[in-house]
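Undergrad: give me the fold of what follows.
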Amino acid sequence: MKQLFRKITAILMAFVVLFSTMSFTFSEHYCGDLLVDSALFSKAETCGMAMETAPATSDCNAIKKDCCSDTVKQIEGQSNLKIDFQKISFQQASFVIAFTYAYLNLFEGTNTTAVPFTAYSPPLVNKDIAVLYQVFRI
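TA: Okay, here's the model as predicted:
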């Protein structure tokens, strides 16, 4: 149960980082006051009623106002997730070094066990001492 909870938490945290760094563009096309199309990550399609701009050489000075309008909303994601190590103080650096050293040595064990009596041979037993003195442990 504990491992399942950790896996779910890790996946959720990965999605939080993914969506906080992702940028979104939301585009809308209005014809008058009516919303015709909206699009995410791309440009919204027009209604086909957009007026063409007149060339500069034409004799026509009358300019009609276009009834269509486009709005683009852009949501910027977070761009700097990297910690700048140039701004760390001496106290923070010494804490990180001490914590890392203590954490790494926490899991370090001894490789061999020291047995001090390996050079000595056991005494020769001629009689069973427990039976001789009739001392039995229950």
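Undergrad: please make it C-alpha for all contacts and neighbour counts, starting now.
TA: Fine.
Undergrad: nearest residue to residue 25 other than its sequence neighbours?
TA: Distance criterion CA to CA, 6 or more residues apart in numbering; nearest residue to residue 25, sequence neighbours excluded, is residue 74 at 4.4 Å.
Undergrad: need the contact list for that neighbour.
TA: Residues touching residue 74, when contacts are defined by CA atoms under 8 Å, 6 or more residues apart in numbering, comprise 23-26.
Undergrad: for residue 24, what are phi and psi?
TA: Backbone torsions of residue 24, given as degrees, to the nearest 10, read phi -120, psi 140.
Undergrad: surely it is in contact with residue 41?
TA: Yes: using CA atoms under 8 Å, residue 24 is in contact with residue 41, at 6.3 Å.
Undergrad: who has more neighbours, those two?
TA: residue 24 (15 against 11; other CA atoms under 10 Å).
Undergrad: what's the separation between that one and residue 40?
TA: The span separating residue 24 from residue 40 equals 7 Å under the rule CA to CA, to the nearest Å.
Undergrad: likewise for residue 137?
TA: In this structure, residue 137 and residue 40 are separated by 83 Å, where distance is defined by CA to CA.
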